[in-house]
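J.: after the sequence you'll find the predicted model.
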Amino acid sequence: MNETQWSSAGSAPAVESTLVVALYEPKTGQIRHLHSVTVFRGAQRTDEAEAIEAAKQSAAKYHDDAAHLAVATSDDPRYLSPHRIDPSTGQFVPLTHPATMAGRHRR
């Protein structure tokens, strides 16, 4: 895993791991729903299958068509920033041009 972008202050436990789950359009790679699980040192880890299921359940609350979305996962917290998925490889690709970020918002 790459160096994390997280830090802690005072007596807060350190971040042990982050799992990013992206649900995306299979044809275009547009990420429609992003879910993350952050585990602090000493806490029980969430396995990938459980995180994916939680992401799908959450997405279904916001998107009527969430069932057809494809899944990509990563343990790199940098992928929480604006990205898309390359449909041919399933890899995260950063969005750098403002036009490619139009319409992005958090719920």
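T.: Received the coordinates, thanks. Numbers count the residues shown, from 1 in each chain.
J.: strands along the chain, start to end?
T.: Taking DSSP state E as the criterion, the chain carries its strands at 15-24, 31-40, 70-74, 83-85, 92-94.
J.: could you pull out the helices in the protein for me?
T.: Chain-ordered helices for the chain, with DSSP state H as the definition, fall at 48-62.
J.: tell me where the model's unsure across it.
T.: By pLDDT under 70, the weakly predicted segments of the chain are 1-9, 97-107.
J.: ok, now with 50
T.: Along the chain, the model assigns pLDDT under 50 to residues 1-2, 106-107.
J.: for Ala12, see how far away Glu50 is.
T.: Distance, Glu50 to Ala12, using CB to CB, to the nearest Å: 24 Å. Any C-beta I mention is one placed from the backbone N, CA and C, and that applies to glycine too.
J.: check Gly29 too.
T.: In this structure, Gly29 and Ala12 are 36 Å apart, going by CB to CB.
J.: of the two, which one has the most company?
T.: Set side by side, Gly29 and Ala12 show more neighbours around Gly29, with 21 against 10, by other CB atoms under 10 Å.
J.: surely that one touches Val93?
T.: Yes: between Gly29 and Val93 a contact is recorded at 7.3 Å, counting by CB atoms under 8 Å.
J.: Leu23 bridge partners, please.
T.: For Leu23, the residues forming beta bridges with it (DSSP bridges) are His33, Val71.
J.: quick one, what contacts it?
T.: Taking CB atoms under 8 Å, 6 or more residues apart in numbering, we find Leu23 in contact with 31-35, 55-56, 59, 66, 69-71.
J.: if anything else comes up later, I'll come back, but that's it for now.
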